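1. Show me how the following folds:
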Amino acid sequence: SYQFGAHAEYICVPEDGSITLMPENLSFNEAAAVCDGMMLANNYIKRINFKRRPQLLINGATGSIGIAALQLAIYHGAKVTAVGNTKNLKLLKQLGADEVIDYTQEDFTQRDIKYDTVLDAVGKSSFFACKRIMNSGATYYSSELGYMWQNVFLPFFTGYLGGKKMRFPIPTDSKEDIQYFKMLLEFEHYKPVIDKVFSMEQYAEAHAYVDTGEKTGNVVIEIAKP
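-> Purely as a prediction, here's the structure:
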């Protein structure tokens, strides 16, 4: 529950729902910045066998999903190539990326290097554009529906044809996932990344900034000062 003045509000969650206590080593802003990105990124990362398929490329590695995917994949032992903008290349290296690509300087789909998995965490590329950089048996994931919703339908065709595959898993969450995220945060295997913090009065301004597509990690709105 939470309270504004004399008015209290309550949120009801099932006992076995996706809820756990906030890690003590996080601030309220940091805690607010992690769950959505980690849950969506984990939707892809948990499906990858990095022992067999260690080479991962993440397009859009500086967004909420991308930064989460980068850190989760590194925790599982992946070799990650992160695609981001110029200003964030140093951050991506600090978070553990083995290699970084500046998309303003290089088209990653034209590389000669091949990868076991390609995760488009911003939905700005496509399975067909990335096929040339995918190893035989590699898998392509996207966080968006794609042109004419192609990412919803391609898994039905690429999966049965063999070779390179497109997968579009529906996001799910569980109590086990949230407890797993809490463990990573408590043992500092994951670093929350916050671009900007806005007040509740700046709600429209915060959304406008997110809509630019240029944010790094997460944007947080403070309902009230802690």
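2. where along this protein do the strands fall?
-> For the chain, strands defined by DSSP state E occupy the ranges 2-4, 7-9, 55-59, 79-84, 99-102, 115-120, 134-142, 165-167, 194-199, 218-222.
3. Does anything pack onto the longest one? Which helices or strands?
-> I take that to be strand 134-142. In terms of contacts (3 or more Cβ pairs under 8 Å, 6 or more residues apart in numbering; DSSP states H and E), strand 134-142 is packed against strand 115-120, helix 127-130, strand 165-167. C-betas here are computed from N, CA, C, even on glycine.
4. Kindly recompute the last result at 7 Å.
-> Contacts defined by 3 or more Cβ pairs under 7 Å, 6 or more residues apart in numbering; DSSP states H and E place strand 134-142 against strand 115-120, strand 165-167.
5. Could you dump those strands into CSV and include distance to residue 132?
-> Shown next, in CSV, are those (distance: least, Cβ to Cβ, whole Å):
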stretch, distance to residue 132
strand 115-120, 11
strand 165-167, 14
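6. how about the ones you listed, which one is nearest residue 200?
-> Between residue 200 and those, the tightest spacing by Cβ to Cβ is seen for strand 115-120, at 32.8 Å.
7. Given that closest one, what are its sheet partners and their directions?
-> strand 55-59 (parallel), strand 134-142 (parallel) (DSSP bridges).
8. Which pLDDT does the model give residue 6?
-> As predicted, residue 6 sits at a pLDDT of 53.
9. Let the chain start at 842 from now.
-> Noted, 842 is the first residue going forward, which turns the last one into residue 847.
10. Grab the most central residue of the chain for me.
-> residue 906 (1.7 Å; Cα atoms, centre = their mean).
11. how deep is the closest residue in space to that residue that isn't next to it in sequence tucked in, by neighbour count?
-> Nearest residue to residue 906, sequence neighbours excluded (Cβ to Cβ, 6 or more residues apart in numbering): residue 962, at 4.3 Å. Using other Cβ atoms under 10 Å, residue 962 is surrounded by 28 other residues.
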